[in-house]
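In: Test case, fold it:
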Amino acid sequence: MTGPRDRADGDTSPEREDRRDLESPTRDGRPSSDPTAVSVVLPAYNEEATIESTVETTLRTLASFLEPGTFEVIVAEDGCDDRTPEIADRLAAEDDRVRHVHSEERLGRGGALERAFEAARGDVLVYFDTDLATDMRHLEELVERIRSGEADVATGSRWMSENVAERPAKRGVPSRAYNGLVRTFLRSDIRDHQCGFKAFSREAFEALREDVEDQHWFWDTEMLVRAQRRGFEVAEFPVDWTPKGDTKVDLVRDVLGMGSQILRTWWQLSVRPRLSRRVGMVAGAVLAVLALVLMTQYIDFGAVLSEMREADPTLVAAGVLVYVLSWPLRGLRYRDILSALGFRERVGFLTGAVFISQTGNLVFPARAGDLIRAYVVKARRDIPYPSGFASLAAERVFDLLTIAGMAGVVLIGYTVTGQTAQLAETIVGSDGAGRVAVVVAIAVSLAALGAVGVIGLSARSDRDLVTAFMHRISTDSYADFVAGIIGRFVGDLQTVAGTREGFLRVGATSVLIWTLDVVTALFVLAAFSPGLPVVELVAVSFFAVSVGNLAKVLPLSPGGVGLYEGAFTLLVVALTPLGPELALGAAVLDHAVKNIVTVIGGYGSMLGLNVSLTTAVEETRDVREETDEAVNLD
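Out: Just a heads-up that it's a prediction; the model follows:
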């Protein structure tokens, strides 16, 4: 439970009551019963060695240019586990100009600052880092920029040509890179967003605080960016700055934290405002066309058409019908996965969402279509992102286990019949996409089994393995935030597969989905009249399709086009007397049929459900992400 530990408020002496009854004008001219004009917040986490001297220096500097009784210093102590709370309590008891705002748990730097500013009495809100890296002779200029009305937001800068700032390479290079990204993506005019020396007018803070979502290291950057977008006057001035202590690039904070927040703010400020229904419809059409165009970069459509002329159209049509029938099963499985997480949705909507995301995977690299699906269910059904990603991960885990299991069963059969030696010889002697695809498939199968093992191990362990691992790669408090999200993510995965009924239900649907996928390929291969016995045709179809889909998991090409065909062709040639031309033609036609059905279904879903990426963003409600729930702060 967090709450202010405000020792100054306990002072009920007549002198204090008299001071509080004095009227003094605020910045907009309105009278105030509290004479406090300036509130300085010192964000503190485990600062027992320096907090007392920092408070004393701050009080002395403020007293040099402000009237007595017009300023306060607030120690925003953020869940410390050292003696900082006791020292802050003592300072507040000894000097009524000092207040202590305490938090039992870590709020993050931004969360601690925001909470302290809410409790502050001043009209000018100031904060700076407690290491006093910025020369305190600049404090008067910082305060007066706001008090005079010259600016609504003021910030010191270490990167302006007039300043004196010692910036060693290990600090300067990452800082310049970060500020360059913010200036480029977020169209900010500020040179130094991270200097811990800033001030806000009460009006600006109250106007911006509801829009700022980050509660950690990106908080002040987001305040500066949003202040510029809202038309507030932002003043940046050079300061003398001397680095205190050591620093290093932190993977979790700097890459996962700051990088993702830059992208999130860019989307909210630069992309979402430009979206409309017309833009959504046009984008849907472009998405479908682009998928087909990209397919031509990997597939010789002339060869496809030539092979199709030789194939039995009735059997190809039967394959198309079988593949179409698999899509409602995908929606049904996704419904069961979400149901295990506590979300009840219609199969029709979820089938459309799957269609759209799979179409996105044909266009965008790195399986970005999965992000589209997570965004769709968040925007249209308010399913939190961690649960959306967990549901996708659960689906992928079941897919990998199913197709790896199918491939394993067939491989056992080939081992019994003595064909594995021939298969291994063909793979080792091959080159190009086929060999790469098979190697990728093996690696993916092992990774899938490993992931399932890790999830099972974490479920049985009393230790918080996720947090322990995050702390091994990061020393920053942001690691707790990321660990909380990952922990919820893993917990949701365990929930989906944690019961026998749920595991069997989703597993059975997965087997049926991929069996239909194999039957589609079987019909297509049979359409070329390969002359194979039925048992051999079924076995090679199961094995080639399973390995081909395992190869597609790594995002080496949009939709895995090229990898699938390579693995399929190599295995058919290795295990049957069929020539490479027929095998490649069947692989190309099989994958083309599946991709074309996906694109048509995806575009139809965009039109029928109006849930393309862009229209989903358009319809997103203005709801904050439930950060506290995600990191279990409550």
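In: So which bits of stretch 372-390 are buried?
Out: For stretch 372-390, a neighbour-count test (16 or more other CB atoms under 10 Å) marks 372-381, 383-390 as buried. Yep, even glycine has a C-beta here, placed from its N, CA and C like the rest.
In: Among those, which are located in helices?
Out: 372-381, 385-390 (DSSP state H).
In: just the residues you listed now: which is nearest residue 98?
Out: residue 386 (39.7 Å; CB to CB).
In: Report the contact partners of the residue nearest to residue 586 when sequence neighbours are not counted.
Out: Leaving aside its chain neighbours, residue 586 sits nearest to residue 525 (4.6 Å; criterion: CB to CB, 6 or more residues apart in numbering). Residue 525 makes contact with 537, 540, 541, 572, 586, 590, according to CB atoms under 8 Å, 6 or more residues apart in numbering.
In: Okay, and the last one sits in which element?
Out: Taking DSSP states H and E as the criterion, the element that holds residue 590 is helix 580-609.
In: For that helix, buried residues please.
Out: Buried, per 16+ other CB under 10 Å, within helix 580-609: 582-599, 601-603, 605-606, 609.
In: Could you list the low-pLDDT ranges of the stretch 501-634 of the chain?
Out: Within the stretch 501-634 of the chain, the segments meeting pLDDT under 70 span 551-563, 609-634.
In: again, 80 this time
Out: 501-503, 547-567, 570-571, 573-575, 579-581, 606-634 (pLDDT under 80).
In: and what of the stretch 151-300 of the chain?
Out: For the stretch 151-300 of the chain (pLDDT under 80), the answer is 159-175, 243-260, 267, 271-300.
In: What sits closest to residue 145 if chain neighbours are left out?
Out: Spatial nearest neighbour of residue 145, chain neighbours left out: residue 154 (3.9 Å); criterion: CB to CB, 6+ apart.
In: Could you do residue 78 as well?
Out: Using CB to CB, 6+ apart, the closest residue to residue 78 is residue 112 (4.0 Å).
In: what does residue 598 give?
Out: Counting by CB to CB, 6+ apart, the residue nearest residue 598 is residue 358, at 5.1 Å.
In: partners of residue 41 in the sheet?
Out: Residue 41 has these beta-bridge partners by DSSP bridges: residue 74, residue 127.
In: I'd like to know how far it sits from residue 233.
Out: 21 Å (CB to CB, to the nearest Å).
In: Pick out whichever of those two has more residues nearby.
Out: More neighbours surround residue 41 than the other of residue 41 and residue 233, with 25 against 16 (other CB atoms under 10 Å).
In: contacting residues for the more buried one?
Out: Residue 41 neighbours (CB under 8 Å, 6+ apart): 74, 76, 113, 116, 117, 120, 125, 126, 127.
In: Go again with 7 Å.
Out: 74, 76, 113, 116, 117, 120, 126, 127 (CB atoms under 7 Å, 6 or more residues apart in numbering).
In: Pick out the most distant pair among these.
Out: Longest span within the contacts of residue 41, CB to CB: 76 and 126, 11.9 Å.
In: where do the helices sit along the stretch 101-250 of the chain?
Out: 109-119, 139-147, 169-186, 202-208, 219-229 (DSSP state H, counting those that start in this stretch).
In: in the shortest one, what's buried?
Out: Applying a neighbour-count criterion of 16+ other CB under 10 Å, the buried positions in helix 202-208 are 202, 204, 205, 207, 208.
In: likewise the second one?
Out: Burial within helix 139-147, assessed by neighbour count using 16+ other CB under 10 Å, is assigned to 139, 142, 143, 144, 145, 146, 147.
In: Residue 344 and residue 384: what is the separation?
Out: 15 Å.
In: do residue 349 as well
Out: From residue 349 to residue 384 the distance is 17 Å (CB to CB).
In: Could you count how many residues lie near residue 97?
Out: 21.
In: Give the full set of residues in contact with residue 152.
Out: 201, 203, 204, 227, 232, 233.
In: and which of those residues is nearest residue 519?
Out: residue 227 (59.3 Å).
In: Thought residue 204 was touching that closest one, still the case?
Out: Yes. At 6.1 Å, residue 227 counts as touching residue 204 under the criterion of CB atoms under 7 Å.
In: overlap in contacts of those two?
Out: 152, 153.
In: Now do the strands in this structure.
Out: 24-25, 31-32, 38-44, 71-78, 98-103, 124-128, 153-157, 197-201, 234-238 (DSSP state E).
In: ok, now how distant is residue 322 from residue 520?
Out: 5 Å.
In: Of these two, which one has the most company?
Out: Between residue 322 and residue 520, counted using other CB under 10 Å, residue 520 has the larger neighbour count: 26 against 19.
In: before we move on, the earlier item: with distance to residue 100 as new columns, can the contacts of residue 525 be given to me in a markdown table?
Out: Formatted as a markdown table, the contacts of residue 525 follow (distance: CB to CB, whole Å):
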| residue | distance to residue 100 |
| --- | --- |
| 537 | 77 |
| 540 | 73 |
| 541 | 71 |
| 572 | 73 |
| 586 | 74 |
| 590 | 69 |
